[in-house]
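Chemist: Any chance you could fold what I've pasted below:
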Amino acid sequence: MADSPSRNTGAHLVYTELRRQILGLELEPGTRLYEPAMAEKLNVSRTPLREAIRRLISEGLLEQQPTGGVLVPALDEAVISELYEVRAAMEALMARQACVKATAADIEALKGILERNAALVAFADDAMAQGMALHAKIAEMAGNSWARRFHDQISSQMERYRHFTNSTQERRDQALAQHRILVAAVAAGSPEEAARLAFDHVMGARDAALRAITGSSSAIS
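Modeler: The predicted model follows:
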């Protein structure tokens with residue numbers, strides 16, 4: 001018997017809200033989820049809550065314990081490094097391909113994103129959104145559907161760490177400067193240079209995230 005539309009909708013709404021709380025660190029790393037309390041807090045029955053939890057476990061955003069408990073995964077430095085390294089490789093690939101396929105309209109679009117990035121660089125969330133828009137445009141220009149699919153999967157996992165990468169004005173200014181030279185390389189049709197710059201940019205974000213997370217962990221302990 002097929003699930004009812006209302007049941008599916010309820011589970012999706014719970015999934016969306018829990019995912020938002022996990023990625024936004026409202027549910028802190030290491031937090032254990034207690035179904036009765038969570039169902040009451042979200043004002044839902046336990047059936048859609050359990051469906052949402054299963055989906056989040058499958059995506060790696062919740063962790064099933066051998067004892068049966070469910071936790072928000074800890075901020076694992078090794079996992080973070082791996083994610084950023086794979087994303088750096090994907091960004092390099094797509095930057096290289098974007099150079100070959102870029103049109104004049106594409107370059108103007110990238111420059112427009114840069115202008116908005118510069119105008120909003122003092123605001124962490126807005127600066128992050130413009131940075132993500134720039135990388136998304138490069139991915140679109142590259143036109144590699146498999147690279148983009150893998151990149152999107154990795155980016156989804158990385159959302160929990162992104163706010164660590166631009167938490168300071170110094171890092172946001174640095175990221176903007178890196179975006180400028182990356183766009184210049186794409187506009188100049190320099191695929192190897194663009195690939196190197198894209199790779200180094202993501203690895204710089206990795207280092208910033210690890211420094212911020214290590215600092216946060218030290219402050220807590």
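
Chemist: where does this protein dip in pLDDT?
Modeler: Within the chain, the stretches with pLDDT under 70 are 1-8, 215-221.

Chemist: Skipping adjacent residues, who's closest to Gly10 in space?
Modeler: Once flanking residues are discounted, Gly10 sits nearest to Pro48: 3.9 Å by Cβ to Cβ, 6 or more residues apart in numbering. For glycine as for every other residue, the C-beta is placed from the backbone atoms N, C-alpha and C.

Chemist: what about that neighbour, neighbour count?
Modeler: 21 (other Cβ atoms under 10 Å).

Chemist: can you check Val70 too?
Modeler: 19.

Chemist: correct me, but Glu59 touches Ile154?
Modeler: No - judged on Cβ atoms under 8 Å, Glu59 makes no contact with Ile154 at a distance of 12.0 Å.

Chemist: which of these two has more neighbours?
Modeler: Ile154 (19 against 14).

Chemist: Kindly list the longest helix within this structure.
Modeler: helix 191-220 (DSSP state H).

Chemist: Would you mark the buried spots in that one?
Modeler: The neighbour-count check on helix 191-220 (16 or more other Cβ atoms under 10 Å) flags 191, 193-206, 208-210, 212-213 as buried.

Chemist: swap in stretch 43-52?
Modeler: 44, 48-49, 51-52.

Chemist: List just the nearest of those to Ala104.
Modeler: Ala52 (45.3 Å; Cβ to Cβ).

Chemist: so after the strand or helix carrying the closest one, what's the next helix or strand?
Modeler: Using DSSP states H and E, Ala52 falls within helix 46-58. Moving toward the C-terminus from helix 46-58, the next helix or strand (DSSP H and E) is strand 63-64.

Chemist: Neighbouring strands - and their directions - for the next helix or strand after that next one?
Modeler: Toward the C-terminus, strand 63-64 is succeeded by strand 70-71 as the next helix or strand (DSSP H and E). Strand 70-71 has its sheet partners listed here by DSSP bridges as strand 32-33 (antiparallel), strand 63-64 (antiparallel).

Chemist: Quick check: chain neighbours aside, which residue is closest to the residue nearest to the spatial centre of the chain?
Modeler: Nearest to the mean C-alpha position of the chain, by Cα atoms, centre = their mean, lies Glu159 at 3.0 Å. Leaving aside its sequence neighbours, Glu159 sits nearest to Leu23 (Cβ to Cβ, 6+ apart; 4.4 Å).

Chemist: Surely that neighbour and Arg160 touch.
Modeler: Yes - counting by Cβ under 8 Å, Leu23 touches Arg160, with 5.1 Å between them.

Chemist: out of those two, which sits in the more crowded spot?
Modeler: Comparing Leu23 with Arg160 by other Cβ under 10 Å, the one with more neighbours is Arg160, at 21 against 18.
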